[in-house]
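Visitor: Next comes the sequence, and after it the predicted model I'd like to discuss.
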Amino acid sequence: MRQLTVTIPDDFYNTFIAFFKQMPDVKIDEKDENEVPLWQQEMVLERLKNAKPEDYRSWEEVKKDLDEKWNFNG
């Protein structure tokens, strides 16, 4: 038996899966590589819930600090 990785458009996904599910001895292992695991989603939500206004910084402030730290002038 062989394994195949296929990239298809989102709007064709359901048709593609329905077709292959009808074939005997075909195993469909659906993995979304960009999917964020549940444990990580829960961790982020917990951090957001516990965050204080002083924990947030603007991009300009962070960029300035990084530029100074790494001597970057671009």
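Guide: That came through fine.
Visitor: Taking the chain centroid, which residue in this protein is the extreme one?
Guide: In the chain, counting by C-alpha atoms, centre = their mean, residue 24 sits farthest out from the average C-alpha position, at 32.2 Å.
Visitor: What is the least confident helix or strand in this protein?
Guide: One helix or strand of the chain scores below all others by mean pLDDT, DSSP states H and E: helix 13-21, with a mean of 90.
Visitor: for the helix or strand following it, what is the average pLDDT?
Guide: Heading C-terminal from helix 13-21, the first helix or strand you meet, by DSSP states H and E, is helix 38-50. For helix 38-50, mean pLDDT rounds to 94.
Visitor: who does helix 38-50 touch, helix- and strand-wise?
Guide: For helix 38-50, there is no helix or strand it packs on, judged by 3 or more C-beta pairs under 8 Å, 6 or more residues apart in numbering; DSSP states H and E. (Each C-beta comes from the backbone N, C-alpha and C, glycine too.)
Visitor: Near residue 17, how many residues? Count them for me, please.
Guide: 12 (other C-beta atoms under 10 Å).
Visitor: Touching, it and residue 28? I think so.
Guide: Yes: contact criterion C-beta atoms under 8 Å: residue 17 and residue 28 qualify, at 6.4 Å.
Visitor: ok, back up a step: report the contact partners of the residue farthest from the centre of the chain.
Guide: For residue 24, the contact set (C-beta atoms under 8 Å, 6 or more residues apart in numbering) is empty.
Visitor: Against residue 9, how distant is it?
Guide: Per C-beta to C-beta, to the nearest Å, residue 24 is found 26 Å from residue 9.
Visitor: Likewise for residue 27?
Guide: In terms of C-beta to C-beta, residue 27 sits 22 Å off from residue 9.
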